[in-house]
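Enquirer: for reference, the sequence and a predicted model appear below.
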Number of protein chains: 4
Amino acid sequence: MKNEFNTIAIVGRDDDPRVTEPMTRLAEYLINAGRDVIAAAGVSLGIALREVEETGLAAEADLMIAVGGDGTMLYAAGLAQRQAVPLLGINRGRLGFLADITPDEMLVSLGRVLDGDYKRELRLLLKASIVDGNGETQSAVALNDVVLQRRESGRLLDFSTRIGGRYVNTHSGDGLIVATPTGSTAYSLSCGGPIMEPALDAVAIVPICPHTLSDRPIVIPADQQIEVTLLERTDSRAEVIVDGRSIGEISAGDRLLISRSEQRITLLHPSGYDYYETLRAKLHWGLDSRMRHSDVDVGGNS
Amino acid sequence: MKNEFNTIAIVGRDDDPRVTEPMTRLAEYLINAGRDVIAAAGVSLGIALREVEETGLAAEADLMIAVGGDGTMLYAAGLAQRQAVPLLGINRGRLGFLADITPDEMLVSLGRVLDGDYKRELRLLLKASIVDGNGETQSAVALNDVVLQRRESGRLLDFSTRIGGRYVNTHSGDGLIVATPTGSTAYSLSCGGPIMEPALDAVAIVPICPHTLSDRPIVIPADQQIEVTLLERTDSRAEVIVDGRSIGEISAGDRLLISRSEQRITLLHPSGYDYYETLRAKLHWGLDSRMRHSDVDVGGNS
Amino acid sequence: MKNEFNTIAIVGRDDDPRVTEPMTRLAEYLINAGRDVIAAAGVSLGIALREVEETGLAAEADLMIAVGGDGTMLYAAGLAQRQAVPLLGINRGRLGFLADITPDEMLVSLGRVLDGDYKRELRLLLKASIVDGNGETQSAVALNDVVLQRRESGRLLDFSTRIGGRYVNTHSGDGLIVATPTGSTAYSLSCGGPIMEPALDAVAIVPICPHTLSDRPIVIPADQQIEVTLLERTDSRAEVIVDGRSIGEISAGDRLLISRSEQRITLLHPSGYDYYETLRAKLHWGLDSRMRHSDVDVGGNS
Amino acid sequence: MKNEFNTIAIVGRDDDPRVTEPMTRLAEYLINAGRDVIAAAGVSLGIALREVEETGLAAEADLMIAVGGDGTMLYAAGLAQRQAVPLLGINRGRLGFLADITPDEMLVSLGRVLDGDYKRELRLLLKASIVDGNGETQSAVALNDVVLQRRESGRLLDFSTRIGGRYVNTHSGDGLIVATPTGSTAYSLSCGGPIMEPALDAVAIVPICPHTLSDRPIVIPADQQIEVTLLERTDSRAEVIVDGRSIGEISAGDRLLISRSEQRITLLHPSGYDYYETLRAKLHWGLDSRMRHSDVDVGGNS
């Protein structure tokens, strides 16, 4: 059998020794395994690698490995999704939702992946577009979420939503999150959104600190387009943030369109991967359960 | 064209004049329209109808019309689902989530439905089964939700969940709701569950007053089986409630299994029906928005 | 008996006819009642009033009447509190939490107040101060709330809190609200904070969209100083917003101090005033209760 | 100086070796220190103690020490409060909110307490009374909370509240919690209630899974009486649970009255005690903060 993953791109911040150390070890391991290892031009590691323009990494690679936190994974996903390159995440510290391999188990896990012993998982992506009178002005692809957030402090943002062309609601508050299942455990969860299993073909629309107390998260099928417009007030401005990065502002009259991307991102996991295990670890589930036993047993001597 | 709905069953409580009055009007209208109108044996209306044993209503009917609140709709859905009879709901008072025709528009809406001018909508059903050492002891079909609730006041219920055979979490609290999209606006919403669009093929698993604050609602694909077991403590008892009716208790060692039913229920709506319109009306959306303008405009004289 | 309220200041926006119309009617009524009516210099109403510099209004007035929304009330409270002038609020539209007299009952209510038939209520104020290495740089008084909010979109704000000198917690999220009982029904409520009865001598510390799900609102006695500091990360910036107005930014190393002000604001209410009645009206309490009866009664014919 | 605490009562379950072992060690230590140690008649420990009827323990004791979980503390508080005996809590396992001394530091902490090196803290108690047509039928004192909870599964409980004689709201849901600051970190927290600092002279009224989404927790001064009545529906029944123990049922027409007890309970803490430290430990505060850094740092190579 020929090697499935011949050219392997390594992505990570080179200003953090907790990242560059495992990146270097990883590169050495892969080179020893006879792979062609590439990195973005200018990345400074403890080993010399073939350098490729960052935007061209995905086009050359059969596999992309991101080392860092979930933020680095989001960044790598942006590179990988255009070329449908599968993505593997190695966390620099504790377990992440996306970067689910820890440095100490890194080489063992990677060895298995190179041997074909892995799980392939498709994750939904969203496309966010800002449309003004002249057409689409900005767009970006989200693995986690598209966030509309007010710019002015101390003011409420007034906006309305349509789903699949149907008017849904007029909202007042700090903004709105449209989250994928992947993003459901990120910002959305802090705003009261539900956890969504990664396999679910759905998105959650989650109001941020809504003024109306009955304005609650809605989960809809992912194939329906979401349209958000600001109410016509001259002074309204709101920022559109995709996976943590601002892509521009919208003002009254503009529209923010969010729909399922035609691409999906392919994540690779070591074969023992279990989503619920990650969830339990990240949300500290189970810890309270043990504490509780000492809390509630009602005493008495008999 | 032959009549699509020849035999029509009418279901409703006959001890509430707000229900019997529209039921009677409805029956007269349908008889005048040449339909065969049937009702459960013993129902006392202002008009004599052909009586059929309640459990046999669905087998004879081409259409079932429920008059009352959403509770009556749940009841009628239980009758209708076994025979795949479509169901139409007429509310006795205000708009309901399921009974979405008001009495004053009833005859006009019904006329349109008889003319074929309606929307047909499939809604997901769940099957709940209690399984003990001897096998399945109780089962029921839910349109809204399956609820596991503690019996003993002042005690927490400790139970664990598995989804699709994988262990998810061990919970402590008042219990758990497994809700369909239809049920997502009922009890589940009061416990922090998300609203789910009716077309979504998903269920929400919502802990009731969980002791662990990070124990949050999870939305999963509807084709995965959910298994709930009580932790092994001799004194644990919990009740299983399906669409508001207790179907039995489980104790340590028993399992509660919840999976998508093979049947779905068919709801008929007048052609102008809009789910989001119902949502706005029921949740008072939009009311606050107007109030807010007078609340937050920061004053000053210049 | 001499008139208790001889000189009466009227405050409101003069660019909104829904405000200037009642302001003008009010001024005419008061002048006819023999009172000395003053307004801020430059305010343009349908009647000529004695003009006083805005900052000097409170010093001359025995009573201040604010016409507008709760925003105008917050503004007027800022003027009134320095001189301990009692404040009366007239809403331009629907009932407000602070402006609790509607325009159509305005003259009757005011007549009663001038006759001494009113309730006097003291409301807690907070003092917020930004302190950097050189000492206090900014301060302001809040009737509703002091809000610390992140400036950068897409980033979490990391900050720590101390209460009465004791370390409480390190928070990650969108920020923090410190709310008075008066402010507990404003922004704080949208972020999950509790309603606090106005007479309660307490403040609520409410995290905004906290990353840690167990980071929950805390209510403490109002006499304890709250200290908030940003964690030492070079790029952190956060804005401090008092009653909806930004008073400045803090960065790592600065401290935000919040303590009970020595002054309180005096609100006057018509004698029939009931806080819970306002609460019910503003939060639409009772509406759902009626709806529910049609929702949950489980049907059946027997 | 004479010994402040001569007669010391030890309370705990004698069916759990994790409790009896520290109880026995504790008793030996105290006897060696020359104290008169008493226990409830029939308690079986590894050492013989002077036995007193359980209900008479507080009358003889200068200090009561409870060993177990917070449940045992609640139980001991019930004994202690009638005689104003100070109470000290030793946890059998992990730190509790009330039992805040762990077994391994037990003897050192206790030595300091006997030497007078401790903090004395007063905690608010509530009195709950059930009143029917014939007057008060049941009453009990709560350190944590008074809970009104529906008896019938699958039904909503409809009830109304009055505070200080004023009508507040009509509620629909699973019930209501009235919590002291001490109880604010127990069941109330699971239902969305705020944390209240122990020194706060306030109670929280927290609806349980309310049908109306704007029905939110209210914090009021502790000196106001709360009255709860069921709506007049023939089939309503609700249970009243005080600190986890049912004291009876109420039905339509009965009233549940809750007011501040004239007694307070005195807790003793080792001198280093810090409420916020307990809070951080019990709610896992700080854990997520560290995790987050690896989650959100947005990557890139430059």
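Expert: That came through, no problem. Numbering: from 1, shown residues only, chains lettered A, B, ... in the order given.

Enquirer: how near is the closest residue to chain B within the stretch 1-150 of chain A to residue A:217?
Expert: For the stretch 1-150 of chain A, the nearest residue to chain B under the criterion Cβ to the nearest Cβ is residue A:150, separated by 12.1 Å. Using the backbone N, CA and C atoms, a C-beta is placed for each residue, glycine as well. Distance of residue A:150 to residue A:217, computed by Cβ to Cβ, to the nearest Å: 19 Å.

Enquirer: re the thing from before, show me what contacts the residue of the stretch 1-150 of chain A closest to chain B?
Expert: A:156-157, A:174-175, A:237-239 (Cβ atoms under 8 Å, 6 or more residues apart in numbering or on different chains).

Enquirer: narrow the residues you listed to just the buried residues.
Expert: In those, burial by neighbour count holds for A:156-157, A:174-175, A:238-239, counting by 16 or more other Cβ atoms under 10 Å in any protein chain shown.

Enquirer: least confident pick among those residues?
Expert: Of all the buried ones among the contacts of residue A:150, the one the model is least sure of by pLDDT is residue A:156, with 88.

Enquirer: quick check: closest non-adjacent residue to it.
Expert: Residue nearest to residue A:156 in three dimensions, not counting chain neighbours: residue A:172, with 4.8 Å by Cβ to Cβ, 6 or more residues apart in numbering or on different chains.

Enquirer: surely that neighbour meets residue A:211?
Expert: Yes. Under the criterion of Cβ atoms under 8 Å, residue A:172 makes contact with residue A:211 at 3.9 Å.

Enquirer: for the residue nearest in space to the middle of chain A, which non-adjacent residue is closest in space?
Expert: Chain A has residue A:144 as the residue nearest its centroid, 3.5 Å off, counting by Cα atoms, centre = their mean. Counting by Cβ to Cβ, 6+ apart, residue A:144 lies nearest to residue A:183, which is 3.3 Å off, once chain neighbours are set aside.

Enquirer: in contact with the one you found, which residues?
Expert: Counted by Cβ under 8 Å, 6+ apart, residue A:183 has contacts A:142-145, A:177, A:243.

Enquirer: and of the residues you listed, the nearest to residue B:80?
Expert: residue A:177 (38.0 Å; Cβ to Cβ).

Enquirer: need phi/psi at the closest one.
Expert: Backbone torsions of residue A:177, given as degrees, to the nearest 10, read phi -120, psi 130.

Enquirer: please apply the same query to the one 5 residues further on.
Expert: As for residue A:182, its main-chain torsions (degrees, to the nearest 10) stand at phi -60, psi -40.

Enquirer: still on that earlier bit, tell me the one of the buried ones among the contacts of residue A:150 nearest chain C?
Expert: Checking those one by one against chain C (Cβ to the nearest Cβ), the nearest turns out to be residue A:239, at 5.0 Å.

Enquirer: that's a strand at that closest one, yeah?
Expert: Yes. Applying DSSP: H, G, I helix; E, B strand; the rest coil, one finds residue A:239 inside a strand.

Enquirer: now it: how far from residue C:152?
Expert: Between residue A:239 and residue C:152 the distance is 10 Å, computed by Cβ to Cβ.

Enquirer: ok, residue A:273 next?
Expert: Counting by Cβ to Cβ, the gap from residue A:273 to residue C:152 is 33 Å.

Enquirer: same check on residue A:204?
Expert: According to Cβ to Cβ, residue A:204 stands 24 Å off from residue C:152.

Enquirer: compare these two (neighbour count), which wins?
Expert: Each of residue A:204 and residue C:152 has its neighbours counted (other Cβ atoms under 10 Å in any protein chain shown); residue A:204 has more, 28 against 12.

Enquirer: surely that one meets residue B:195?
Expert: No. Counting by Cβ under 8 Å, residue A:204 sits too far from residue B:195 to count as a contact (9.8 Å).

Enquirer: shared neighbours of these two, anything?
Expert: Listed contacts common to residue A:204 and residue B:195 are A:217-219; contacts here mean Cβ under 8 Å, 6+ apart.

Enquirer: of these, which is the nearest to residue B:96?
Expert: Nearest to residue B:96 among the shared contacts of residue A:204 and residue B:195, with distances taken as Cβ to Cβ, is residue A:218, at 19.0 Å.

Enquirer: how about the residues of the stretch 101-250 of chain A by chain B?
Expert: Proximity of the stretch 101-250 of chain A to chain B (Cβ under 8 Å from any Cβ of the partner chain) is limited to residues A:154-156, A:158, A:163, A:166-172, A:189, A:192-197, A:199-200, A:202, A:204, A:211-221, A:224.

Enquirer: rerun that using 6 Å as the cut-off
Expert: Selection of the stretch 101-250 of chain A residues close to chain B by Cβ under 6 Å from any Cβ of the partner chain yields A:156, A:166, A:168-170, A:172, A:194-197, A:199-200, A:202, A:211-212, A:214, A:216-221.

Enquirer: quick check: closest non-adjacent residue to the residue of the stretch 1-150 of chain A closest to chain B.
Expert: Closest to residue A:150 by Cβ to Cβ, 6+ apart is residue A:157, at 3.9 Å.

Enquirer: so who does the one you found touch?
Expert: Counting by Cβ atoms under 6 Å, 6 or more residues apart in numbering or on different chains, residue A:157 touches A:150, A:175, A:238.

Enquirer: against residue B:135, how distant is it?
Expert: Using Cβ to Cβ, one gets 56 Å for the distance from residue A:157 to residue B:135.

Enquirer: same check, this time on residue A:240
Expert: Going from residue A:240 to residue B:135 by Cβ to Cβ gives 55 Å.

Enquirer: pick out whichever of the two has more residues nearby.
Expert: Neighbour totals were compared for residue A:240 and residue B:135, and residue A:240 leads with 26 against 7 (other Cβ under 10 Å).

Enquirer: for the stretch 201-302 of chain A, give me the ranges with low pLDDT.
Expert: Within the stretch 201-302 of chain A, the ranges that satisfy pLDDT under 70 run A:233-234, A:287-302.

Enquirer: where do the strands sit along it?
Expert: With DSSP state E, counting those that start in this stretch as the criterion, the stretch 201-302 of chain A has strands at A:202-208, A:218-221, A:226-230, A:237-242, A:245-251, A:255-270.

Enquirer: please identify the most buried of those.
Expert: Mean neighbour count, computed with mean count of other Cβ atoms under 10 Å in any protein chain shown, is highest for strand A:202-208 among the strands of the stretch 201-302 of chain A, reaching a mean of 28.

Enquirer: what pairs with that strand, and is each one parallel or antiparallel?
Expert: Here strand A:202-208 has these sheet partners by DSSP bridges: strand A:175-179 (antiparallel), strand A:218-221 (antiparallel).

Enquirer: export the last one as PDB, just CAs?
Expert: Put plainly, it is strand A:218-221. Provided in PDB are the C-alpha atoms of strand A:218-221 (Å, rounded to 0.1, in the frame of the first residue of the first chain):
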ATOM      1  CA  ILE A 218     -33.400  28.000  18.200                       C
ATOM      2  CA  VAL A 219     -31.900  25.000  16.500                       C
ATOM      3  CA  ILE A 220     -32.800  24.700  12.800                       C
ATOM      4  CA  PRO A 221     -31.800  22.400   9.900                       C
END
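
Enquirer: wait, what's in contact with residue A:99?
Expert: Contacts for residue A:99 (Cβ under 6 Å, 6+ apart) come out as A:70, A:73, A:89-91.

Enquirer: let's have the strands paired with strand A:202-208 in JSON lines, adding distance to residue C:34.
Expert: Converted to JSON lines, the strands paired with strand A:202-208 look like this (distance: least, Cβ to Cβ, whole Å):
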{"stretch": "strand A:175-179", "distance to residue C:34": "51"}
{"stretch": "strand A:218-221", "distance to residue C:34": "58"}
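
Enquirer: nearest to residue B:282, out of those strands?
Expert: strand A:218-221 (13.4 Å).

Enquirer: residues touching the closest one, excluding its own?
Expert: A:163, A:202, A:204-205, B:194-197, B:199-200, B:219.
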